[in-house]
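Asks: the following block contains a protein sequence and its predicted model.
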Amino acid sequence: MQLPPFCNETYLDFTDENTVHNFQKSLDYVKSQLGKTYPCVIGGEKIETGDLLTSINPSEKSEVIGKVHKADQALANRAIEEANKAFESWKRVSAEDRARYLFSATAEMRRRKNEFSAWMVYEVGKSWAEADADTAEAIDFMDFYAREAIRYAKPQELTPSPLEEFNQMFYIPLGTGVVIPPWNFPLAIMVGMTMAAVAAGNTIVLKPSSDTPIIGAKFMELLESISLPPGVVNFLPGSGGKIGDYLVSHPKTRFITFTGSREIGLHINELASKTAPGQIWIKRVVAEMGGKDTIVVDSSADLEDAASGIVSAAFGFSGQKCSACSRAVIVEDVYEQVLEKVTQKTKALRVGPTTDVSNFMGPVASKSAFDSIMEYVAIGKTEGTVVAGGEAMPEAGDGYFIKPTVVAGVDAKARIAQEEIFGPVLAVIKADNFNHALDIANNTEYGLTGAVYSKNREHLERARRDFHVGNLYINRKCTGALVDVHPFGGFNMSGTDSKAGGRDYLMLFLQAKTVAEKF
């Protein structure tokens, strides 16, 4: 198969009037589709249970995005069985044929790019730019993983045997997996985890986030439109407690791939480690579990650039990214200057419903997120000085709006400096010097992303070596990883360092088999 080189999807330019006009048309179309109900899909059969989960617009709580039928354990068992049945044929489909399904899905999503982005504006409150980047990443994941499936299927190089043997090693899929994606990247991460495993020859039970099930249903419709064989991906909305644990513990589940909180990730890992009756393998767990990400600003840094990077990384998508900057550690010599710049830039941010392109920041995703974040805002008021934000924003609309909040003078061991808040709250910490700043950057249980702003080469090389994160950025913000440019995954309690969007990722869904034949 002759393929052009992989190239990342281009982001839209929302300063262009035609681009804005076209995106608005997609928003209008999606609004006309709100309120519909979507079934479970198992083995290609659409199943209505009557037990409905309602998804609402976090910018406008009275607006229903849609409803999905929730599965119970009986349907969860049926989904695993159907996926296992489909695996027997799907694993025999050549890598090139599997890749063609992904290329077809990529092309269809590219044609409907604005539509998928518009769904995220409504269902999770993403700004236009954030939603466009999410859809672009989903497109990139499918395009890249299709190519990777072909690469992994090529003959693997071995040292020739001194015996009269023919030796080969090749990769085979694992079996049926469970995909449990997060709500914050409801398209990109869901698509990436699902289609990487599918490209490798596995079959999937997809349990979408209960906060963003409609995005999952729309993706399932796309897979049906490209005639992906029934049972290769099964769509199973439902609660983690009711069906999530059951799917993870099922003896026929071969692997689980999860993105979400540390607590749930560790719970999944513990469940998966227990051998169920009839289980004949050690389950594989791929987990990304959050972060407490730090941007370090050295005295030699471009302070304007550093302040802009901090604000963008802290408050893009309301800080609801595992890679978001939740701590700015600034050396003493420039602390006041950077704090002043960050404070001014934060106060200048426009907050409101994200159907308006001019709003940089929208709501947080749900009532539970709102309540948790506001608790941390209250804690922050006791652990430092609030210099921007620090309160809810009811004037922005009937949604879960919180002012972007900056808390200065925070101790490096304070709760808001250690615990993942997952919202628009930035802790600003003063360091004695660069070495002290690096020590602070490494003092949490996480190790996902980090950034350093400095012009001192010795300091940059020290950070390159000693800043213990899976994704380190130098003189740029700590968010915005691109597929096959910044393979993504973290250390410590940030997960299994899966390096999503990298050339090792498909290996997580494959196993190597060696065959020696003597003539």
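Replies: Yep, that arrived. Numbering: from 1, shown residues only.

Asks: just give me the neighbour total for the residue lying closest to Glu420 once chain neighbours are set aside.
Replies: Nearest residue to Glu420, sequence neighbours excluded (Cβ to Cβ, 6 or more residues apart in numbering): Gly290, at 4.9 Å. Using the backbone N, CA and C atoms, a C-beta is placed for each residue, glycine as well. If you count neighbours by other Cβ atoms under 10 Å, Gly290 ends up with 24.

Asks: isn't Gly290 right up against Phe258?
Replies: No. Contact criterion Cβ atoms under 8 Å: Gly290 and Phe258 do not qualify, at 11.3 Å.

Asks: what do the two both touch?
Replies: Listed as contacting both Gly290 and Phe258 by Cβ atoms under 8 Å, 6 or more residues apart in numbering are Gly265.

Asks: ok so, going back, so what pLDDT did the residue nearest to Glu420 get?
Replies: Gly290 is assigned a pLDDT of 92 by the prediction.

Asks: in the stretch 151-300 of the chain, which spans are strands?
Replies: Taking DSSP state E, counting those that start in this stretch as the test, the strands found in the stretch 151-300 of the chain are 165-173, 176-180, 203-206, 233-235, 255-259, 284-288, 293-297.

Asks: adding distance to Gly495 and mean neighbour count, write the ones you listed out as CSV.
Replies: Listed next are those as CSV, based on distance: least, Cβ to Cβ, whole Å; neighbours: other Cβ atoms under 10 Å:
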stretch, distance to Gly495, mean neighbour count
strand 165-173, 22, 15
strand 176-180, 13, 28
strand 203-206, 19, 28
strand 233-235, 23, 27
strand 255-259, 8, 26
strand 284-288, 4, 22
strand 293-297, 13, 29
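
Asks: of all the ones you listed, which one is nearest Ala149?
Replies: Comparison of the strands of the stretch 151-300 of the chain against Ala149 by Cβ to Cβ identifies strand 165-173 as nearest, at 9.5 Å.

Asks: give me the contact list for the closest one.
Replies: Contact partners of strand 165-173, identified using Cβ under 8 Å, 6+ apart, comprise 87, 90-91, 152-153, 155-156, 158, 160-161, 200-202, 507, 509-519.

Asks: longest helix of the protein?
Replies: Counting by DSSP state H, the longest helix found in the chain is helix 128-152.

Asks: next, the buried residues of that helix.
Replies: Buried residues in helix 128-152, counting neighbours by 16 or more other Cβ atoms under 10 Å, are found at 128-150, 152.

Asks: gap between Asp484 and Leu163?
Replies: As judged by Cβ to Cβ, to the nearest Å, Asp484 and Leu163 stand 39 Å apart.

Asks: between those two, which one's more packed in?
Replies: Neighbour tally, Asp484 and Leu163, criterion other Cβ under 10 Å: the higher count belongs to Asp484, 19 against 9.

Asks: quick check: closest non-adjacent residue to the more buried one.
Replies: Nearest non-adjacent residue to Asp484 (Cβ to Cβ, 6+ apart): Phe144, at 5.4 Å.

Asks: ok, now Phe185?
Replies: Among residues not flanking Phe185 along the chain, Asp134 sits closest, at 5.7 Å (Cβ to Cβ, 6+ apart).

Asks: one step back: closest one to Gly447 among the strands of the stretch 151-300 of the chain?
Replies: Of all those, strand 293-297 sits nearest to Gly447, with 9.3 Å by Cβ to Cβ.

Asks: wait, Thr259 touches Gly291, no?
Replies: No. Contact criterion Cβ under 8 Å: Thr259 and Gly291 do not qualify, at 11.7 Å.

Asks: who touches both of these two?
Replies: The overlap between the contact sets of Thr259 and Gly291 (Cβ under 8 Å, 6+ apart) consists of Cys322.

Asks: and the residue nearest to Asp484, what does it touch?
Replies: Applying Cβ under 8 Å, 6+ apart to Phe144 gives the contacts 6, 483-484, 501.

Asks: correct me, but His39 touches Leu52?
Replies: One correction, residue 39 is Pro, not His. No. Taking contacts as Cβ under 8 Å, Pro39 lies outside contact range of Leu52: 10.7 Å.

Asks: identify the contacts common to those two.
Replies: Residues touching both Pro39 and Leu52 by Cβ under 8 Å, 6+ apart: 68-69.

Asks: beta-bridge partners for Glu517, please?
Replies: Beta-bridge pairing for Glu517 (DSSP bridges): Phe166.

Asks: could you count how many residues lie near it?
Replies: Around Glu517 there are 9 other residues, counting by other Cβ under 10 Å.

Asks: how near is it to Ser161?
Replies: With Cβ to Cβ as the criterion, Glu517 and Ser161 are 10 Å apart.

Asks: still on that earlier bit, for the residue nearest to Glu420, give me phi and psi.
Replies: phi 100, psi -180 (degrees, to the nearest 10).

Asks: wait, Glu391 touches Val377, no?
Replies: Yes. The criterion here is Cβ under 8 Å, and Glu391 meets it with Val377 at 7.3 Å.

Asks: more neighbours, these two?
Replies: Under the criterion of other Cβ under 10 Å, the comparison of Glu391 against Val377 puts Val377 first, with 23 against 12.

Asks: give me the contact list for the helix or strand hosting the more buried one.
Replies: Using DSSP states H and E, Val377 falls within helix 367-383. The contact list for helix 367-383 (Cβ under 8 Å, 6+ apart) reads 320, 363-364, 386, 389-392, 400, 402, 405, 407, 410-411, 414-417, 419, 421-425, 427.

Asks: please pick the buried ones from the contacts of strand 165-173.
Replies: Buried by 16+ other Cβ under 10 Å: 87, 90-91, 152-153, 200-202, 507, 509-510, out of the contacts of strand 165-173.

Asks: which of these fall in helices?
Replies: Per DSSP H, the subset of the buried ones among the contacts of strand 165-173 in helices is 87, 90, 152.

Asks: just the closest of those to Gly240, please.
Replies: Using Cβ to Cβ, Phe87 is the member of these that sits closest to Gly240, with 24.1 Å.

Asks: distance check, the spatially closest residue to that closest one that is not a sequence neighbour against Gln168.
Replies: Nearest residue to Phe87, sequence neighbours excluded (Cβ to Cβ, 6+ apart): Thr203, at 4.5 Å. Distance of Thr203 to Gln168, given as Cβ to Cβ: 25 Å.

Asks: circling back to that earlier point, what angle do the longest helix of the chain and strand 165-173 make?
Replies: Interaxial angle of helix 128-152 relative to strand 165-173 (axes from the mean of the first three to the mean of the last three Cα atoms, to 10 degrees): 160 degrees.

Asks: and helix 128-152, how far out from the chain's middle?
Replies: In terms of Cα atoms, centre = their mean, to the nearest Å, the centre of helix 128-152 is set 12 Å apart from its chain centre.

Asks: for that helix, what is the average pLDDT?
Replies: The average pLDDT within helix 128-152 is 98.

Asks: all numbers from here: first residue = 44
Replies: Noted, 44 is the first residue going forward, which turns the last one into helix 171-195.

Asks: can you pull the domain assignment for the chain?
Replies: Following automatic domain parsing, one gets these domains for the chain: 81-332+541-561, 336-526.

Asks: dump those to TSV, plus distance to Gln45.
Replies: As requested, the domains of the chain are exported to TSV (distance: least, Cβ to Cβ, whole Å):
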stretch	distance to Gln45
domain 81-332+541-561	11
domain 336-526	21
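
Asks: and the pLDDT for Leu206?
Replies: At Leu206, the predicted lDDT confidence score is 83.

Asks: now it: closest residue in space that isn't a chain neighbour?
Replies: Distance criterion Cβ to Cβ, 6+ apart; nearest residue to Leu206, sequence neighbours excluded, is Lys561 at 6.8 Å.

Asks: what does Trp324 give?
Replies: Of all residues not flanking Trp324 in the chain, Arg297 sits nearest, at 6.2 Å (Cβ to Cβ, 6+ apart).

Asks: quick one, phi/psi of the one you found?
Replies: Here is the backbone geometry of Arg297 (degrees, to the nearest 10): phi -90, psi -30.

Asks: please verify my assumption that it contacts Ile325.
Replies: No. Taking contacts as Cβ under 8 Å, Arg297 lies outside contact range of Ile325: 9.7 Å.
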